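Novice: build me a model from this:
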Amino acid sequence: QVQLVESGGGVVQTGDSVRLSCAASGRIFESRLPGWFRQAPGKEREFVAVEGWRDSSPLYADSVKGRFTISRDDAKNTVYLQMSSLKPEDTALYYCTATPFSKFGSTAAKDFGPWGQGTQVTVSS
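Specialist: So this is what the prediction gives:
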């Protein structure tokens, strides 16, 4: 079974940048598009970003558009989420996941899987 392992979270200041990594144990990213979700305390898990499919650009949540960038390194079987200009409202547990090509365009958590265990990002003001 494919496992996704996130890393790179921590406590940062408002305006800082952080890069999250997601290492896959198998070649899941050859058959699925990588994506990121996050969940803040007391809130539902929400979509953050998903890699683009064919000629389509990556999709981002409006709240992170222009500040976050999803990318991948196929040689390392790793996906990244570069986060810049961080705000306290970005504080959350960040999850790596993937979606089938046929589901591209969906931002619903039910259309993604498997899931990593998450990495915590805390942005202090």
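Novice: quick check, central residue of this structure?
Specialist: When the chain is reduced to its mean C-alpha position, the closest residue under C-alpha atoms, centre = their mean turns out to be residue 36, at 2.1 Å.
Novice: now it: which helix or strand?
Specialist: Using DSSP states H and E, residue 36 sits in strand 32-39.
Novice: so which elements touch that strand?
Specialist: Under the contact criterion of 3 or more C-beta pairs under 8 Å, 6 or more residues apart in numbering; DSSP states H and E, the helices and strands touching strand 32-39 comprise strand 18-24, strand 46-50, strand 68-73, strand 92-100. For every residue, glycine as well, the C-beta is placed using N, CA and C.
Novice: related to what we said a few turns ago, next one: the residue nearest to the centre of the chain from residue 16, what distance?
Specialist: Separation of residue 36 from residue 16 (C-beta to C-beta, to the nearest Å) stands at 18 Å.
Novice: repeat for residue 77
Specialist: In this structure, residue 77 and residue 16 are 27 Å apart, going by C-beta to C-beta.
Novice: also residue 122?
Specialist: Counting by C-beta to C-beta, the separation of residue 122 from residue 16 is 11 Å.
Novice: can you get me a residue count around residue 51?
Specialist: By other C-beta atoms under 10 Å, 21 other residues sit near residue 51.
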